[in-house]
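Q: When you get a sec, could you give me coordinates for this:
(2 chains)
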Amino acid sequence: GAVVSQHPSRVICKSGTSVKIECRSLDFQATTMFWYRQFPKQSLMLMATSNEGSKATYEQGVEKDKFLINHASLTLSTLTVTSAHPEDSSFYICSARVRQGGTDTGELFFGEGSRLTVL
Amino acid sequence: SQQGEEDPQALSIQEGENATMNCSYKTSINNLQWYRQNSGRGLVHLILIRSNEREKHSGRLRVTLDTSKKSSSLLITASRAADTASYFCATDAGGQAGTALIFGKGTTLSVSS
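A: Residues are numbered from 1 along each chain as shown, chains lettered A, B, ... in the order given. A predicted model of the protein is given here:
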């Protein structure tokens, strides 16, 4: 299946610093990527939809100035957690839809996730 | 927002037994998907069932879909210890194709040998 690579897998930072997480589609082009956040023992919560070449669409309650999303190319989307605080500690997962022959299969492929710990 | 609700939240069985997980959702859908997540890892796509399908099989997995009840079930037959993971159902947001998936709360399955 399609491969989505996420980096870094783990990051620890001090409160007040910014952290960038990268999400790459390795063998396909992703015009749309999605960013999710998952707290321990909970489900995935959609944060935002990242569209190549345009502004991201954020879900209600997600601060766009805090979680900066850039989708500058068809294979890379980045999520920057700005001025991180301990409550931002979470598992962040990106995903991308796969189109085959111009048809959206409906299936999402997920990165391995990035565990952020803010001290 | 959460689209689906899974039950049970947690399920513990012995190897060789079958595991059944249920999922309910709220809006109309194009398809419903099941994913698996090992602890601390990303998600692995298991199976997709379209809204006009009622049942689908893939290896030891069997998924059913009842659109009139807005529910789906995932059956894992002859479970193995390696099946231990969390399982999530997911649907297109608002039933619109090409949008993000909205996930249910998940069922944590523990299979002991």
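Q: The helix or strand bottoming out on mean pLDDT in chain A: what's the following helix or strand?
A: When each helix and strand of chain A is scored by mean pLDDT, DSSP states H and E, strand A:103-110 comes last, with a mean of 73. The helix or strand immediately downstream of strand A:103-110 is strand A:114-118, counting by DSSP states H and E.
Q: Quickly check: that next one near chain B or not.
A: Yes. For strand A:114-118, a contact with chain B is found by C-beta under 8 Å from any C-beta of the partner chain, at residue A:115. Backbone N, C-alpha and C define where each C-beta goes, glycine included.
Q: and that strand, what's its mean pLDDT?
A: For strand A:114-118, mean pLDDT is 97.
Q: buried stuff in it?
A: Under the neighbour-count criterion of 16 or more other C-beta atoms under 10 Å in any protein chain shown, strand A:114-118 has A:114, A:115, A:116, A:118 buried.
Q: before we move on, what about stretch B:70-80?
A: Residues B:70, B:71, B:72, B:73, B:74, B:76, B:79 are the ones in stretch B:70-80 that count as buried (16+ other C-beta under 10 Å).
Q: show me where pLDDT drops low in the chain?
A: In the absence of a named chain, chain A is used. Applying pLDDT under 70 to chain A flags residues A:1, A:99-106.
Q: Chain B is the one I meant
A: By pLDDT under 70, the low-scoring segments of chain B are B:1-4, B:93-98.
Q: So which bits of it are right by chain A?
A: Chain B comes close to chain A at residues B:1-2, B:30-31, B:33, B:35, B:40-45, B:48, B:88, B:90, B:92-93, B:97-106, B:108, as judged by C-beta under 8 Å from any C-beta.
Q: For PyMOL, write the select line for the buried members of these.
A: Here is the PyMOL selection string for the buried members of these, based on 16+ other C-beta under 10 Å:
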select buried, chain B and resi 30+31+33+35+41+42+43+45+48+88+90+92+93+99+100+101+102+103+104+105+106+108
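Q: you'd agree residue B:91 is up against residue B:102?
A: Yes. With contacts counted by C-beta atoms under 8 Å, residue B:91 reaches residue B:102, the gap being 5.9 Å.
Q: Point out the residues in chain A that sit beside chain B.
A: Where chain A comes near chain B, counting by C-beta under 8 Å from any C-beta, the residues are A:1, A:4, A:6, A:32, A:34, A:36, A:41-46, A:49, A:60, A:91, A:93, A:95, A:97, A:104-113, A:115.
Q: among these, which ones are buried?
A: Listed as buried from the residues of chain A next to chain B are A:4, A:6, A:32, A:34, A:36, A:43-46, A:49, A:91, A:93, A:95, A:97, A:106-113, A:115; burial here means 16+ other C-beta under 10 Å.
Q: Just name the closest of the buried residues of stretch B:70-80 to residue B:52, please.
A: Here the nearest of the buried residues of stretch B:70-80 to residue B:52, counting by C-beta to C-beta, is residue B:72; it sits at 13.7 Å.
Q: Now do the host helix or strand of the closest one: distance to the chain's middle.
A: Element membership for residue B:72 (DSSP H and E) is strand B:71-76. In terms of C-alpha atoms, centre = their mean, to the nearest Å, the centre of strand B:71-76 is found 6 Å from the chain centre.
Q: who touches it?
A: Identification of contacts with strand B:71-76 by C-beta atoms under 8 Å, 6 or more residues apart in numbering or on different chains yields B:18-25, B:32, B:34, B:46-47, B:49, B:60-66, B:83, B:87, B:89, B:109.
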